[in-house]
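A.B. asks: Sequence first, predicted coordinates after that:
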Amino acid sequence: MADILSAIGLATQLASSCIMAINALKRFTKGVQSAESDLAEVLTRIQRAHNLLDIIRAALIEIKKSRAEEFNVIISVEGLRKTIDEILQLAKDVIRGQARPSLIRRVSWSLQKSKNSMLVERLKEHERELVDLVTTINVVAQLRSHAKLEGSIEDARARAELTDAFSDITLVDDEYDTSNGMVTRTWLGHLYNDDDQLPLEYCHLRQHLSDAAFFGNWPRLFEILEEARDQFNESWVNAIRMKPYAQADIMSFWTPLHQAVYMGAPVSVVERLINMGASRTLRTRWTEFDHLNMTALELAYNLEETDLQDVLCPIIRNTVPTDILTRLQRNFHSLIQQQMEDLVDVSKLYLPLLEPLTELHTSAVWFPIRCERPGTGYLYRLDGRDLLVRSVNILETDREVTYRLANGDIFDVTGNDMIFIE
């Protein structure tokens with residue numbers, strides 16, 4: 001028998017242990033939907049346990065606020081705690097195995113399967129125990145109707161189902177589906193208008209976009225953004241002015257958002273650009289002010305555009321430390337350079353910066369690479385302190401490979417193998 005505060009503490013502690021186990025195992029599944037079915041089952045069961053513990057914790061907190069002195073509860077967590085500890089040890093064994101040769105690693109994993117199956121069965125039993133505990137607390141405390149309680153339990157189970165890291169994006173022919181009026185955020189890596197891979201109409205429309213931003217012609221700017229979406233299935237809201245490759249050293253890297261600040265655009269224009277995906281963390285490479293590398297917010301301060309300063313403050317949704325973000329970016333660039341050297345001149349590509357990802361929650365960014373294989377490129381997004389990357393048509397036509405970049409390593413989760421960058 002535990003008092004209400006101790007019970008809340010136990011539920012919270014165990015929920016945190018579940019999160020640790022989930023994070024430890026997620027990194028080494030075979031890419032979510034294509035994960036090893038047995039390991040995916042462990043992840044799902046742990047997530048269910050975590051969600052049920054959240055329900056228990058919330059119910060206990062609700063009781064505490066109303067009548068703590070009248071309520072004691074029995075929470076037996078030692079069995080679940082022991083199972084979670086064994087799962088964490090399993091994750092450590094998998095982690096140690098990742099550096100081994102592929103054949104040895106697969107043999108090592110096969111030896112873990114019997115243990116894995118046993119853990120799944122124990123997690124099923126713990127889930128039943130937690131459901132019983134949720135029901136008991138609800139009946140004794142009379143918090144919710146039976147129908148609402150059943151709905152909460154089913155929701156806890158449903159939210160535990162694994163989904164593809166890039167499931168919200170649909171490939172249509174060689175680009176992305178824009179039938180819903182939206183277009184995937186795009187990293188525009190082709191900067192030079194003398195690039196043989198780019199059609200003339202593409203370069204001309206990019207030029208018109210930059211001119212509209214330069215002269216503050218906002219209606220025309222938004223028209224071109226719509227045209228780019230319709231004609232090329234790309235978002236150009238962060239596009240910089242294209243130039244010949246010979247002028248690469250004098251490119252300013254001003255985006256439409258920078259130009260909007262410089263031209264003193266109305267707040268409504270700036271808000272519309274941001275709502276369309278304009279990044280508030282991108283920096284210029286040249287300005288006429290004291291610093292060359294400035295964000296749109298810094299420009300607003302220098303130009304005393306006080307009406308724009310609040311809306312230009314970046315909202316950071318992924319607080320990844322700078323050193324980790326830098327390492328992930330370096331490894332991502334190395335992966336691209338190693339894989340693309342036979343398809344394009346990588347030195348002429350503007351490879352993705354990862355800092356703008358900190359402004360997103362779970363949204364992916366599409367980095368299209370124009371070459372002889374239509375629809376070639378990389379999808380990428382942050383997953384905690386890891387970077388998930390999906391290559392599309394990079395290695396060969398109609399082939400997609402998912403990678404997880406973490407702790408300085410690149411793990412091919414589709415092929416269950418390590419990638420060694422030269």
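C.D. replies: Thanks, I have the structure now. Numbers count the residues shown, from 1 in each chain.
A.B. asks: And Asp310, how close does it get to Asp345?
C.D. replies: Remark: distance between Asp310 and Asp345 (C-beta to C-beta, to the nearest Å) = 42 Å. (Each C-beta comes from the backbone N, C-alpha and C, glycine too.)
A.B. asks: Glu121 now?
C.D. replies: The value you get for Glu121 to Asp345, if C-beta to C-beta is used, is 55 Å.
A.B. asks: Likewise for Thr135?
C.D. replies: From Thr135 over to Asp345 (counting by C-beta to C-beta), the distance is 64 Å.
A.B. asks: What are the boundaries of the helices in the stretch 1-150 of the chain?
C.D. replies: Remark: helices assigned in the stretch 1-150 of the chain by DSSP state H, counting those that start in this stretch are 4-26, 37-67, 78-97, 102-141, 146-158.
A.B. asks: So for Ser279, which of those helices sits nearest?
C.D. replies: helix 4-26 (27.2 Å; C-beta to C-beta).
A.B. asks: so what secondary structure elements neighbour the closest one?
C.D. replies: Helix 4-26 is packed against helix 37-67, strand 72-73, helix 78-97, with contacts defined by 3 or more C-beta pairs under 8 Å, 6 or more residues apart in numbering; DSSP states H and E.
A.B. asks: mind putting the helices of the stretch 1-150 of the chain in CSV, mean pLDDT, mean neighbour count and distance to Pro368 included?
C.D. replies: Shown next, in CSV, are the helices of the stretch 1-150 of the chain (pLDDT from 0 to 100; neighbours: other C-beta atoms under 10 Å; distance: least, C-beta to C-beta, whole Å):
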stretch, mean pLDDT, mean neighbour count, distance to Pro368
helix 4-26, 77, 18, 28
helix 37-67, 78, 19, 31
helix 78-97, 72, 16, 34
helix 102-141, 69, 15, 31
helix 146-158, 70, 14, 35
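A.B. asks: Next, give phi and psi for the nearest residue to Ser252 once chain neighbours are set aside.
C.D. replies: Take Ser252 and drop its neighbours on the chain: the residue closest to it by C-beta to C-beta, 6 or more residues apart in numbering is Trp286, 4.3 Å away. Phi and psi for Trp286, reported as degrees, to the nearest 10, are phi -150, psi 140.
A.B. asks: Surely Trp286 touches Asp249?
C.D. replies: No: here Trp286 lies out of contact with Asp249, judged by C-beta atoms under 8 Å, at a distance of 9.9 Å.
A.B. asks: of those two, who's got more company?
C.D. replies: Trp286 (14 against 8; other C-beta atoms under 10 Å).
A.B. asks: for Leu191, what are its contacts?
C.D. replies: 240, 242-243, 248, 251, 348, 350 (C-beta atoms under 8 Å, 6 or more residues apart in numbering).
A.B. asks: ok, it to Leu360 distance?
C.D. replies: Distance from Leu191 to Leu360, by C-beta to C-beta: 22 Å.
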